[in-house]
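Asker: requesting a structural model of the entry that follows:
(one chain, ligands or ions: 2)
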Amino acid sequence: MTVYKALTIAGSDSGGGAGIQADLKTFQELGVYGMSALTAVTAQNTLGVQGVYPIPLQGLKEQIDAIGHDLGTDTVKTGMLHSSEVIEAVSDKIRTYHFQNLVVDPVMVAKGGAKLLQDEAVEALISKLIPLATVITPNIPEAEMITQRKINTLEDKKEAAKQLIDIGAQSVVMKGGHEETNDVVDLFFDGYAFLELTSPRIQTRHTHGTGCTFSSAIAAELAKGKSLTEAVKNGKAFIRAAIEHPLGIGAGHGPTNHWAYMEQLRGVKR
Ligand SMILES: Nc1ncnc2c1ncn2[C@@H]1O[C@H](COP(=O)(O)OP(=O)(O)OP(=O)(O)O)[C@@H](O)[C@H]1O
Ligand SMILES: Cc1ncc(CO)c(N)n1
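Answerer: Ligands and ions are numbered 1, 2, ... in the order given. Next up, the predicted model:
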């Protein structure tokens with residue numbers, strides 16, 4: 001049996017909808033063996049983030065070493081990295097172990113507005129991590145922070161995507177979740193051609209962890225050897241199903257449904 005492996009380097013969401021919990025659930029659903037290196041523990045639920053507790057840097061490094069020395073991985077996904085020290089350490093380890101297929105979700109702010117990345121860490125993201133990325137998946141505000149340009153039109157998105165490639169990413173998915181259009185358009189760019197991934201905007205408050213789930217679905221598909229374009233398309237189908245069939249739990253922004261995509265493929269009704 002071939003076992004495909006994926007490592008998430010991210011924060012813990014005690015509420016289970018975002019962070020490493022969302023990543024590991026997504027890996028499992030897509031048939032990939034999930035591993036994790038925790039950067040921080042958050043006390044969090046559907047109402048917001050109540051606390052952020054960074055893991056000591058040495059502890060983070062040892063978690064990645066533990067995987068690099070023994071299990072190895074077919075793909076790495078990064079989420080909440082918190083500080084420039086963490087970004088530098090993660091970048092070093094990825095290079096030391098020659099980890100392939102890096103999906104960088106440049107997480108900056110949680111849905112309720114809590115800061116998950118310190119402002120001064122954006123520079124380290126640009127100089128240390130984005131150049132290693134197979135694909136980077138910013139939402140519009142994140143792309144604006146990184147590129148220092150306002151993004152309003154499709155042309156703006158394309159220019160920002162080109163700038164991210166110039167910084168060194170192999171490809172970009174600029175997510176359209178934060179726009180107000182009828183359809184959600186995620187723009188994929190591999191440095192050569194643009195591909196618009198369009199789906200109907202679902203009216204729901206249950207969007208906690210959409211970005212984490214989307215990027216980990218892309219990572220899982222890459223681990224299985226799918227091409228970048230296939231991985232991004234399948235990731236989009238995974239998150240679409242997860243948003244379309246919310247679990248309806250929690251009083252605030254509830255989690256998405258990580259079972260929905262595979263249940264849809266298998267024709268299962270919950
Ligand atoms: N209301 C919606 N209807 C359909 N798809 C959506 C909706 N909101 C987000 N998505 C999809 O979810 C994925 C994540 O997009 P989004 O822009 O919400 O990411 P994000 O802001 O990084 O998420 P997070 O808040 O979890 O960090 C994208 O593929 C986007 O198309
Ligand atoms: C731990 C964690 N990572 C990422 C996000 C972004 O959704 C979040 N809310 N919490």
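Asker: C-alpha only now, for contacts and for neighbours.
Answerer: Noted.
Asker: flag every residue of the protein that's near ligand 2.
Answerer: 11-13, 18-19, 42, 80, 107, 110, 209, 212 (Cα under 6 Å from any ligand atom).
Asker: try it again with 5 Å
Answerer: Contact residues (Cα under 5 Å from any ligand atom) of the chain with ligand 2: 11-13, 19, 80, 110, 209.
Asker: so the nearest residue to Thr204 once chain neighbours are set aside, which of the three states?
Answerer: Closest residue to Thr204 apart from its sequence neighbours, by Cα to Cα, 6 or more residues apart in numbering: Ile243 at 8.0 Å. Judged by DSSP: H, G, I helix; E, B strand; the rest coil, the three-state class of Ile243 is helix.
Asker: give me the neighbour count for Ile243.
Answerer: By other Cα atoms under 10 Å, 24 other residues sit near Ile243.
Asker: this protein: helices as residue ranges?
Answerer: 19-29, 57-66, 84-96, 122-124, 140-147, 154-167, 210-223, 228-244, 260-266 (DSSP state H).
Asker: so the fifth one, near ligand 1 or not?
Answerer: Right, the one you point to is helix 140-147. No. Using Cα under 5 Å from any ligand atom, helix 140-147 never reaches ligand 1; the gap is at least 7.0 Å.
Asker: how about that helix: buried residues?
Answerer: Buried residues in helix 140-147, counted by 16 or more other Cα atoms under 10 Å: 140-144, 146-147.
Asker: low pLDDT regions in this protein?
Answerer: Within the chain, no stretch has pLDDT under 70.
Asker: pull the longest strand from it.
Answerer: The residue-count maximum for a strand in the chain (DSSP state E) belongs to strand 33-45.
Asker: which residues touch that strand?
Answerer: 3-16, 20, 24, 27-28, 49-55, 57, 60, 63-64, 80-82, 86, 250 (Cα atoms under 8 Å, 6 or more residues apart in numbering).
Asker: so who does the residue lying closest to His206 once chain neighbours are set aside touch?
Answerer: Nearest in space to His206, with sequence neighbours left out and distances taken as Cα to Cα, 6+ apart, is Gly254 at 4.2 Å. For Gly254, the contacting residues are 17, 46, 205-208, 246-248, by Cα under 8 Å, 6+ apart.
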